[in-house]
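Participant: Need a 3D model of the following:
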Amino acid sequence: MRAVAERLTTPFWFSHTSAAVAWGCWTWQPGPQVHVTQLTRPAPGLPGDVLRRHVVPVPDADRAVVDGLPVTSLGRTVLDCARTLPEPSAVVVADSALALGLTSAELDDRLAGAGGARGVRRARRVLAAADGASESPLESLVRWHLVDAGLPRPVHAIDVPTWAGTFWVDLGWPRLRVGIEADGAVKYDEDGRAALLREKRRHDALVESGWTILRVTFDDLRDVARLVARVDHAMSAARSR
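Facilitator: This next block holds a predicted model:
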């Protein structure tokens with residue numbers, strides 16, 4: 001982005017996933033291009049595989065500067081991503097923007113002002129599904145795919161009292177006591193065995209408290225249908241308990 005900024009001579013603002021990165025949002029499979037929004041169409045310059053130009057108005061309220069770089073405002077950035085990205089990728093950006101302090105009310109206002117612009121229907125779906133309680137891109141992606149498949153929407157950061165203390169489950173359904181640990185990999189420190197034992201103790205305590213815990217990694221997203229079937233089976237079994 002900084003290399004692009006040094007070469008462009010017409011007024012511009014980094015936008016879409018490039019602005020999301022500048023703001024500190026999560027991204028998922030954003031692609032290799034740097035995105036800029038400009039007010040007028042310039043003469044050809046940088047190749048299209050490096051730079052994606054969007055020629056649309058940028059009102060003063062949608063202009064900002066982050067780390068010395070001109071960028072679209074956070075709300076404008078989220079709406080642009082919601083209108084143009086695949087829905088799972090857009091939800092990842094929206095979740096993290098809400099966690100950074102963007103409000104749902106601002107997003108609702110932006111949607112209302114977007115009228116019949118291209119991609120607004122997709123944006124409505126994305127922003128209705130967004131949740132600032134998500135703590136990782138994987139949590140956001142898992143929630144999106146499960147709800148998109150017709151399963152009930154899970155909640156994030158569930159506190160579960162157990163005999164070993166209170167533990168937090170990444171997301172799940174408290175009434176059914178079914179939880180999902182996103183990533184689920186033990187964070188190895190200098191004493192890997194101690195970390196494994198702590199994780200086993202935590203898992204055992206949750207299970208002994210009546211919870212079904214499913215571990216999900218990014219690899220599970222390669223077969224979403226199988227992931228949905230696993231979760232659906234666990235929820236069905238919990239209902240019959």
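Participant: make it CA atoms for all contacts and neighbour counts henceforth
Facilitator: Fine.
Participant: For the helix or strand where residue 109 lies, give the mean pLDDT please.
Facilitator: Using DSSP states H and E, residue 109 maps to helix 104-114. For helix 104-114, the mean pLDDT works out to 91.
Participant: Just list what it packs against, helices and strands only.
Facilitator: helix 74-84, helix 120-129 (3 or more CA pairs under 8 Å, 6 or more residues apart in numbering; DSSP states H and E).
Participant: Mind checking the pLDDT average for the helix or strand following the longest one?
Facilitator: Taking DSSP H and E as the definition, the helix or strand that follows helix 74-84 towards the C-terminus is helix 87-99. On average, the pLDDT along helix 87-99 is 98.
Participant: repeat for stretch 11-26
Facilitator: 97.
Participant: If you count neighbours, what's buried in it?
Facilitator: Residues 12-20, 22-23, 25-26 are the ones in stretch 11-26 that count as buried (16 or more other CA atoms under 10 Å).
Participant: Likewise for stretch 145-162?
Facilitator: 145, 146, 154, 155, 156, 157, 158, 160, 162.
Participant: Any stretches of the chain with poor pLDDT?
Facilitator: In the predicted model of the chain, residues 43-48, 184-192 satisfy pLDDT under 70.
Participant: residues in contact with the residue nearest to the spatial centre of it?
Facilitator: In the chain, the C-alpha nearest the mean C-alpha coordinate belongs to residue 92, at 1.5 Å (CA atoms, centre = their mean). Going by CA atoms under 8 Å, 6 or more residues apart in numbering, residue 92 touches 26, 27, 28, 137, 140, 141.
Participant: at 6 Å instead, please
Facilitator: Each residue near residue 92 by CA atoms under 6 Å, 6 or more residues apart in numbering is listed here: 137, 140.
Participant: Domain ranges for this structure, per the record?
Facilitator: 2-132, 145-239 (automatic domain parsing).
Participant: Check the offset of the shortest one from the chain's centre.
Facilitator: By that I understand domain 145-239. Put simply, domain 145-239 sits 18 Å off its chain's centre (CA atoms, centre = their mean, to the nearest Å).
Participant: so how far does that domain reach from one end to the other?
Facilitator: One end of domain 145-239 sits 21 Å from the other (CA to CA, to the nearest Å).
Participant: Restricted to helices, list the buried residues of stretch 145-162.
Facilitator: Using DSSP state H, the members of these that fall in helices are 145, 146.
Participant: From the buried residues of stretch 145-162, which land in strands?
Facilitator: 155, 156, 157, 158, 160, 162 (DSSP state E).
Participant: The helix holding residue 109 versus helix 120-129: what angle between them?
Facilitator: Using axes from the mean of the first three to the mean of the last three CA atoms, to 10 degrees, the inter-axis angle of helix 104-114 relative to helix 120-129 is 170 degrees.
Participant: which residues in the protein form helices?
Facilitator: For the chain, helices defined by DSSP H occupy the ranges 2-7, 16-23, 74-84, 87-99, 104-114, 120-129, 137-148, 192-208, 224-239.
Participant: Between those helices, which one is closest to residue 51.
Facilitator: Smallest distance to residue 51 across the helices of the chain (CA to CA): 8.0 Å, for helix 2-7.
Participant: Can you show me the CA trace of the closest one as PDB?
Facilitator: This file holds the C-alpha atoms of helix 2-7, laid out as PDB (Å, rounded to 0.1, in the frame of the first residue of the first chain):
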ATOM      1  CA  ARG A   2       2.800   2.400   0.800                       C
ATOM      2  CA  ALA A   3       4.500   1.600  -2.500                       C
ATOM      3  CA  VAL A   4       1.300   2.300  -4.300                       C
ATOM      4  CA  ALA A   5       0.800   5.600  -2.400                       C
ATOM      5  CA  GLU A   6       4.200   6.800  -3.600                       C
ATOM      6  CA  ARG A   7       3.300   6.300  -7.300                       C
END
